[in-house]
Each structure stands twice: as C-alpha cells, then as structure tokens.
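dropping the sequence and predicted coords here.
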Amino acid sequence: MTKVEFTLPIDTITDTIRQEAENKAKEAYIMTLLKHGEISSGKAGQLLGISRLDVIELMSQYEISIFDDSMSLEEFQAEVNQAKMRLEGNNL
C-alpha cells in the first residue's frame, strides 16, 4: 500500500476547491503510474472509480498511449495473429 501526503501553506481554501485539487492530484498520480507501466488501465479505473472507457479518455488527456510501447513490431504482430486465431476459432 502506498500513501501519498503533502502539505501546502495555503490557509484559506474552501472544502470544494480542496476536494477538487485532491481528486486531480490523485488522478495525476495514478495516470503517472499507468504511463510508466506500474499499474494496468483496469487497476487505474478501479482506483479512480471510473470505467475503462473513462480511463482511455484520461489517457488521451495525459498523452498516454493505449498501446504497449515496449512491444517490438514482431511481438505486436504475434499478439495480432493470436487474436485473429481466437476470433476465427469462435467463428466470429
């Protein structure tokens, strides 16, 4: 379990603004973990309490590719071929 805390020297702030800032900070932290491959998009959605489609939208906002950039072209082609075989096996 990871706990992130920080203190800012701001005395007068409404609860609404504080909550919005905390939510954005949490979102940015989770998107950074996702960007660096520390968590999956499914885990990001779970932590943020949003759908996978919403995670994909956030990924776009944070300029995070939905594709695994660490894969070589050959590995990606193998993934595509495996998916095709599964689809053909299910007669879809």
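Cool, the structure landed. Here the structure is a predicted model, which means the values were calculated and not measured.

show me the shaky parts of the chain.
Along the chain, segments meeting pLDDT under 70 span 68-69, 91-92.

mind naming the longest helix for it?
helix 15-35 (DSSP state H).

now the helices for this structure?
15-35, 41-48, 52-61, 73-89.

most tightly packed of those helices?
Mean neighbour count (mean count of other C-beta atoms under 10 Å) peaks for helix 41-48 among the helices of the chain, with a mean of 16. Where C-beta positions appear, they are placed from N, C-alpha and C, glycine not excepted.

if you count contacts, what does that helix end up packed against?
helix 15-35, helix 52-61 (3 or more C-beta pairs under 8 Å, 6 or more residues apart in numbering; DSSP states H and E).

using a markdown table, lay out those together with distance to residue 84.
Shown next, in a markdown table, are those (distance: least, C-beta to C-beta, whole Å):
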| stretch | distance to residue 84 |
| --- | --- |
| helix 15-35 | 27 |
| helix 52-61 | 23 |
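
that older thread, reformat the helices of the chain as CSV; add distance to residue 9.
Output for those, formatted as CSV (distance: least, C-beta to C-beta, whole Å):
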stretch, distance to residue 9
helix 15-35, 14
helix 41-48, 28
helix 52-61, 29
helix 73-89, 48
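
among the ones you listed, which is nearest residue 4?
Among those, the nearest to residue 4 by C-beta to C-beta is helix 15-35 (6.2 Å).

which helices and strands does the closest one pack with?
So helix 15-35, by 3+ C-beta pairs under 8 Å, 6+ apart, packs with helix 41-48, helix 52-61.

relative to helix 15-35, how tilted is the first one?
The directions of helix 41-48 and helix 15-35 differ by 160 degrees, with axes from the mean of the first three to the mean of the last three C-alpha atoms, to 10 degrees as the criterion.

which residues sit against helix 41-48?
With C-beta atoms under 8 Å, 6 or more residues apart in numbering as the test, helix 41-48 has contacts from 26-27, 30-31, 33-34, 39, 51-52, 54-56, 58-59, 66.

ok, now the longest one?
In this structure, residues lying in contact with helix 52-61 by C-beta under 8 Å, 6+ apart are 27, 31, 34, 41, 42, 44, 45, 48, 50, 65, 66.
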